[in-house]
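J.: below is the structure, and that's it, no one-letter string:
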């Protein structure tokens with residue numbers, strides 16, 4: 001049990017000490033008068049205790065946050081001394097402790113940040129908004145290291161909560177109240193377009209059109225300056241609508257509208273703390289936005305996504321030798337680096353978790369202390385000339401093991417082992433079919449559809465996409481469209497929306513329209529997150545659809561340079577290597593891709609089949625196509641499968657495949673396929689040769705040919721091929 005001081009409960013409630021953490025640091029005594037600020041380290045400890053999980057902090061965690069550079073006994077002694085000093089400053093009743101845990105007594109202290117969070121969750125939006133006076137511990141001199149990492153997590157979490165409160169308030173208000181709320185929201189997030197649009201509508205509704213147009217200019221200039229992008233189509237349309245309704249000025253016109261300082265344009269907002277670039281640095285800041293166990297909350301509105309966070313604990317050296325110790329440290333660092341390239345979740349830095357080195361720690365305890373959703377841990381044993389390594393992924397909330405794997409390798413090249421295993425772990429956990437997203441999908445399936453966040457809709461959309469059936473692709477597009485409606489800035493959803501439309505095109509469902517939507521989604525993804533290598537990959541493919549192969553190759557090279565060992569990037573490049581004149585390289589890269597992810601998803605088999613097909617390795621292409629359900633071959637794989645079967649002498653099967661294809665796609669012809677965008681001349685020749693051998697109809701219909709500029713025509717259809 002946590003021991004409280006000996007004061008009577010009623011006396012403690014009446015004598016509560018007030019702790020202000022939002023917008024600075026301030027203590028008020030029982031009479032409401034400010035007390036002298038404590039020293040820097042004590043301020044940090046009070047903040048940690050004030051915002052502790054409901055069960056309190058393990059003492060070991062507090063020592064790691066504040067005295068991580070000291071040995072264990074010194075750190076414990078420093079914590080005991082600091083806790084005693086906290087009691088002197090706040091009162092004996094303020095601190096609840098036992099042998100292992102420490103916390104503040106909520107009956108003896110009032111913490112503005114905790115009260116703000118309580119009010120926000122209860123839906124008391126006006127009170128919550130009034131209480132948020134600035135960023136957590138803004139302008140306060142504090143320690144660095146692990147405490148600074150924790151502070152950034154909490155600061156960002158509370159900032160996002162404050163923005164969500166203002167957003168919900170705005171949806172309920174009108175008139176001057178709504179204008180004031182929208183202005184406060186833009187002080188928090190100056191690049192939030194829906195807030196700019198709300199102000200434009202509010203000003204226009206008051207007849208203040210010049211101010212509405214000026215707000216658009218502020219929005220446009222901010223986006224260009226900070227992100228290098230233009231406003232969304234909705235913003236542009238609203239601007240044109242307001243502009244067209246404005247009356248031209250004249251000499252006898254009524255006095256001009258009063259000029260009000262446009263929101264997000266002032267040089268010193270009331271509270272901003274360098275959050276002006278929060279949407280630019282989303283990949284960095286949102287890395288630290290976490291859902292605290294037992295305190296998770298969400299809004300069914302335009303709330304920025306909360307990406308899961310992963311902690312990689314130092315791998316344990318079971319043998320104690322110098323080589324194994326170096327390998328353990330190197331492997332831990334490599335896994336953190338490789339996982340850190342994934343954009344769908346975030347990874348704590350090495351200096352945040354290194355305090356666990358050499359310690360046996362429970363995954364749940366580590367998850368609670370580090371406030372992460374997943375924990376990776378492992379061990380290394382070096383015996384004789386062998387190295388044995390095991391790794392596990394845990395759900396930090398439950399302690400359940402989600403995955404484990406063992407490797408047994410000769411120790412001839414420890415660095416090669418280190419690289420191989422770290423890459424395999426990263427590719428098993430990351431990516432659309434990785435275990436982190438799979439765990440998120442399982443959780444999302446348990447929620448009612450009306451409460452799903454943009455990120456959860458994105459996860460469910462990618463799950464449907466991976467099934468690659470016509471019905472699932474349609475559902476994937478629906479889910480992903482809903483995700484980007486809720487959060488237009490969710491770049492990963494735009495990436496997957498590109499994939500969904502590209503696959504839908506291959507099912508013959510209005511191919512031209514789907515390719516246009518895929519191209520638009522890829523463009524939006526790269527605009528939103530130019531740090532994501534997969535955004536570059538889909539951007540590359542969008543140029544391929546437009547037959548701009550040099551530009552497609554350039555963008556793919558960028559993706560590969562950014563993430564040379566990311567399975568999904570390599571697998572996507574494989575399907576285009578032949579088109580870039582690198583057919584043999586593409587086929588050779590299949591083995592590399594499988595090494596990166598031996599449990600590769602079925603969608604990758606389509607890419608591998610194409611690479612083998614375009615080098616004439618038809619038997620291997622067919623083995624890959626066997627992994628794809630026959631009902632999901634689409635207009636893309638049916639010609640390859642039939643052509644490969646015919647090329648290896650399996651004529652009866654080839655004929656049956658052609659018949660099946662034509663039942664589903666009666667307009668499928670050799671000319672139609674050869675004229676599709678994204679093929680080079682050598683690929684077209686191979687397609688024509690193998691499709692002829694399989695027995696596909698040669699000539700495209702006049703309706704199909706009319707849509708193609710300078711179509712390729714076969715000899716039997718009056719052409720030259």
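T.: Perfect, I can see it now. Note that the structure is predicted; figures quoted are calculated from it, not measured. Numbering: from 1, shown residues only.
J.: what number of residues lie near the residue nearest to residue 648 when sequence neighbours are not counted?
T.: Take residue 648 and drop its neighbours on the chain: the residue closest to it by Cβ to Cβ, 6 or more residues apart in numbering is residue 618, 5.1 Å away. Any C-beta I mention is one placed from the backbone N, CA and C, and that applies to glycine too. Neighbour count of residue 618, defined by other Cβ atoms under 10 Å: 22.
J.: what of the one 3 residues further on?
T.: Burial of residue 621 is recorded as 28 neighbouring residues (other Cβ under 10 Å).
J.: identify the residues contacting the residue nearest to residue 648.
T.: Contacts for residue 618 (Cβ atoms under 8 Å, 6 or more residues apart in numbering) come out as 612, 643-644, 647-648.
J.: in the stretch 101-250 of the chain, where is pLDDT below threshold?
T.: 141-145, 246-250 (pLDDT under 70).
J.: can you give me the helices for it?
T.: 112-122, 125-131, 145-172, 175-188, 193-205, 209-227, 233-245 (DSSP state H, counting those that start in this stretch).
J.: turn these into a markdown table, columns for mean neighbour count.
T.: As requested, those are exported to a markdown table (neighbours: other Cβ atoms under 10 Å):
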| stretch | mean neighbour count |
| --- | --- |
| helix 112-122 | 18 |
| helix 125-131 | 18 |
| helix 145-172 | 21 |
| helix 175-188 | 21 |
| helix 193-205 | 22 |
| helix 209-227 | 19 |
| helix 233-245 | 14 |
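J.: dump those helices to JSON lines, plus distance to residue 367.
T.: Converted to JSON lines, those look like this (distance: least, Cβ to Cβ, whole Å):
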{"stretch": "helix 112-122", "distance to residue 367": "20"}
{"stretch": "helix 125-131", "distance to residue 367": "28"}
{"stretch": "helix 145-172", "distance to residue 367": "13"}
{"stretch": "helix 175-188", "distance to residue 367": "29"}
{"stretch": "helix 193-205", "distance to residue 367": "34"}
{"stretch": "helix 209-227", "distance to residue 367": "34"}
{"stretch": "helix 233-245", "distance to residue 367": "40"}
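J.: for residue 114, give me its contacts.
T.: Per Cβ under 8 Å, 6+ apart, neighbours of residue 114: 50-51, 106.
J.: surely residue 526 meets residue 536?
T.: Yes - counting by Cβ atoms under 8 Å, residue 526 does reach residue 536; the two are 6.5 Å apart.
J.: the more surrounded of these two?
T.: residue 536 (27 against 22).
J.: now the more buried one: closest residue in space, sequence neighbours ignored.
T.: residue 559 is the one closest to residue 536 (Cβ to Cβ, 6+ apart), at 3.9 Å.
J.: what does residue 686 give?
T.: residue 614 is the one closest to residue 686 (Cβ to Cβ, 6+ apart), at 6.3 Å.
J.: doesn't residue 578 make contact with that neighbour?
T.: Yes - contact criterion Cβ under 8 Å: residue 614 and residue 578 qualify, at 3.8 Å.
J.: where do the contact lists of these two overlap?
T.: 586, 682-683.
J.: in CSV: these, plus pLDDT, neighbour count and secondary structure.
T.: Formatted as CSV, these follow (pLDDT from 0 to 100; neighbours: other Cβ atoms under 10 Å; DSSP: H, G, I helix; E, B strand; the rest coil):
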residue, pLDDT, neighbour count, secondary structure
586, 93, 23, helix
682, 93, 13, helix
683, 92, 18, helix
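J.: redo those as CSV? Include distance to residue 244.
T.: Shown next, in CSV, are the shared contacts of residue 614 and residue 578 (distance: Cβ to Cβ, whole Å):
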residue, distance to residue 244
586, 52
682, 53
683, 49
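J.: from the residues you listed, pick the one nearest residue 699.
T.: residue 683 (20.0 Å; Cβ to Cβ).
J.: quick one: the closest one and residue 616 touch, right?
T.: No - taking Cβ under 8 Å as the definition, residue 683 is not a contact partner of residue 616, at 11.9 Å.
J.: off-centre distance for stretch 629-648?
T.: The chain centre lies 35 Å from the centre of stretch 629-648; the measure is Cα atoms, centre = their mean, to the nearest Å.
J.: can you pull the phi and psi angles for residue 667?
T.: Phi and psi for residue 667, reported as degrees, to the nearest 10, are phi -90, psi 10.
J.: ok, now how distant is it from residue 349?
T.: Distance, residue 667 to residue 349, using Cβ to Cβ, to the nearest Å: 55 Å.
J.: residue 223 now?
T.: Taken as Cβ to Cβ, the span from residue 223 to residue 349 is 30 Å.
J.: neighbours of the residue nearest to residue 536, how many?
T.: Residues near residue 559, counting by other Cβ under 10 Å: 24.
J.: same thing with residue 550?
T.: Neighbours around residue 550, by other Cβ under 10 Å: 9.
J.: next: the one 10 residues further on.
T.: The number of residues packed around residue 560, counting by other Cβ under 10 Å, is 18.
J.: next one: the one 3 residues further on
T.: For residue 563, the count of nearby residues is 23 (other Cβ under 10 Å).
J.: check it and give its pLDDT.
T.: On the pLDDT scale, residue 563 is placed at 80.
J.: that one and residue 533 touch, don't they?
T.: Yes - counting by Cβ under 8 Å, residue 563 touches residue 533, with 4.0 Å between them.
J.: residue 386 reaches residue 408, doesn't it?
T.: Yes - at 6.3 Å, residue 386 counts as touching residue 408 under the criterion of Cβ under 8 Å.
J.: any idea how far the residue lying closest to residue 699 once chain neighbours are set aside lies from residue 688?
T.: Among residues not flanking residue 699 along the chain, residue 717 sits closest, at 3.9 Å (Cβ to Cβ, 6+ apart). Taking Cβ to Cβ as the measure, residue 717 falls 11 Å from residue 688.
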